[in-house]
Every structure is written in C-alpha cells, then in structure tokens.
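Engineer: my questions concern the predicted model and sequence given below.
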Amino acid sequence: MEQHPTYLSDTYHYHASTSVCGVGTDDRGQWIALEDNLFHPQGGGQPSDCGWVNDKAVSFSRHQDGLVVLHVDTDHVFSVGERVDVSVDAELRKRHAALHTAGHMINWVLGEMGWIAKSGHHFPGESRVEFLAAQGALPVDDELKQKVEQRIQELILSGKDVKTWDEAGVRYCLIEGFDAMQCAGTHIDKTARLVEFQIKSLKLKKGVLRVSYDVNHQ
Ligand SMILES: [Zn+2]
C-alpha cells in the first residue's frame, strides 16, 4: 500500500482524482487511505486540513502504520482501487500555511535578537511561539515588539521565496536568506503572500517569552 504525500510537494494543490489504496475500520467506523493524499495531518504544531472526498466531509484524519487515513461522512462502503474525487479546503490550507510560515519567520527574527525558539503552535486564533533567552537577548518591552513587527514587515515586502524539498527521506524548508530547516508542514510559496501580520503580545513568564501573533494569506 503506497501513498504519495501530495500535500508536501505543493501547498496550492487543492483537487485530485485518485484511488483508494487502503480501507479498514476502527472505533470511528470505516477509514480509507488515498494513493495521492492531499491532506496534511495534524503535527508539528500545525492543525489538520479539512476537505471532502466525493463531496463528503472528511471528519477525521490520522496516521496508522505510517499512513494518513481519513474518515468520510458517508454510508458508502469504499473498496481498494476505487476512484475518488478529493478536495482540500483551500482557504483553511492557505491560512494554516501562512500562520506556520510566519512562525518560522518570527523564530528567525527573534533569533537575531538573542532569543532561541523552544516551541510553536500555529492554530488560527491562538498562534504563538515560545523562546528562551540566550546571552545578550534584547529585553522584552514595546521596543522589542516594534522591532520584530518592523523586521517581519520588511521580510514580507521583500517577497522572499519559500522552498521545500526532500533529501534522503528528510524534508527541508528554506526561506530565502535564512538557514534551511527540517520541517513537514505546509508553507506559503513567497513571504509576500502574507497580509495583516501583527504581534498580538509579548509576554515573559518564568523565563519563557511567549510571542502571540496573527496573519492571513492574501
Ligand atoms: Zn515549516
């Protein structure tokens, strides 16, 4: 049973006609696996995609034996080899990719200011990145907030390319001008896609700096 993780090769690939490559049941009922899988499963601080198989909502997706499997809101019984039409919720996909990629940019910019990224959470309405101070870290105040926002706006306006590729089974992401990093999330293709970026708050608590932010895809 071979599955192609299509969502890794093109964030903006929303529709496909593909085959069911696996079926089974669990406590949620029937699941299917798709040969060309367009859906990003939750992981790495990024939420799952939403979408449809034959116009029926995909209500759940998860890994099973390394596969992304889907629960489809239908009584139809699927069989291996069956052709299906698949669509990803494009607006949600773009929003998730924008939040996730902006999270990388915040990591980089805060890194330049002496803060080391510790963890990230890129869900709509609650996106945040947490940092620990390195030597010489800039103090947490309104000036730092302004500096970070200004630097991110510069990166957005300069329209840096965002690239991903696979190397010996490891996926990398590179934002032009930064260092390549390992990442299995979905990314925008250019920083210029980002609109309405804002740092909502900077909070320092018990040595952990929490940067809450929001951004949309154009
Ligand atoms: Zn990433």
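Structural biologist: Perfect, thanks for sending it. Numbering: from 1, shown residues only.

Engineer: okay, CA-based contacts and neighbour counts for the rest of this
Structural biologist: Noted.

Engineer: now do the contacts for Lys190.
Structural biologist: Taking C-alpha atoms under 8 Å, 6 or more residues apart in numbering as the contact definition, Lys190 lies against Gly159, Lys160, Asp161, Val162.

Engineer: any idea what it is bridged to?
Structural biologist: Asp161 (DSSP bridges).

Engineer: state the distance from it to the ion.
Structural biologist: 13 Å (C-alpha to the ion, to the nearest Å).

Engineer: ok, so of the contacts of Lys190, who is nearest the ion?
Structural biologist: The shortest gap between the ion and any of the contacts of Lys190 belongs to Val162, at 9.9 Å (C-alpha to the ion).

Engineer: for that closest one, which non-adjacent residue is spatially closest?
Structural biologist: Ile175 (4.4 Å; C-alpha to C-alpha, 6 or more residues apart in numbering).

Engineer: if we can go back for a sec, list only buried entries from the contacts of Lys190.
Structural biologist: Buried members of the contacts of Lys190, scored by 16 or more other C-alpha atoms under 10 Å, are Lys160, Val162.

Engineer: just put the contacts of Lys190 in JSON lines and tack on pLDDT and distance to Val68.
Structural biologist: Shown next, in JSON lines, are the contacts of Lys190 (pLDDT from 0 to 100; distance: C-alpha to C-alpha, whole Å):
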{"residue": "Gly159", "pLDDT": "93", "distance to Val68": "33"}
{"residue": "Lys160", "pLDDT": "95", "distance to Val68": "31"}
{"residue": "Asp161", "pLDDT": "96", "distance to Val68": "29"}
{"residue": "Val162", "pLDDT": "96", "distance to Val68": "25"}
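
Engineer: paired strands for the helix or strand that contains Ser61, with orientation please.
Structural biologist: Assignment of secondary structure by DSSP states H and E places Ser61 within strand 56-64. Using DSSP bridges, strand 56-64 pairs in its sheet with strand 51-53 (antiparallel), strand 67-72 (antiparallel).

Engineer: extract the C-alpha set from it and format it as PDB.
Structural biologist: Extracted C-alpha coordinates of strand 56-64, given in PDB (Å, rounded to 0.1, in the frame of the first residue of the first chain):
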ATOM      1  CA  LYS A  56     -18.500  14.300   1.600                       C
ATOM      2  CA  ALA A  57     -16.700  15.900   4.500                       C
ATOM      3  CA  VAL A  58     -13.600  14.300   5.900                       C
ATOM      4  CA  SER A  59     -14.300  14.400   9.600                       C
ATOM      5  CA  PHE A  60     -11.000  12.900  10.900                       C
ATOM      6  CA  SER A  61      -7.600  12.000   9.700                       C
ATOM      7  CA  ARG A  62      -4.700  10.400  11.400                       C
ATOM      8  CA  HIS A  63      -1.600   8.200  11.000                       C
ATOM      9  CA  GLN A  64      -1.900   4.500  11.000                       C
END
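
Engineer: quick check: residues of this protein near the ion?
Structural biologist: Cys183, Gly185 (C-alpha under 5 Å from the ion).

Engineer: show me where pLDDT drops low in the chain?
Structural biologist: 1, 64 (pLDDT under 70).

Engineer: how is it divided into domains?
Structural biologist: 6-88, 92-217 (automatic domain parsing).

Engineer: quick one, helices of this structure?
Structural biologist: 6-9, 90-112, 142-157 (DSSP state H).
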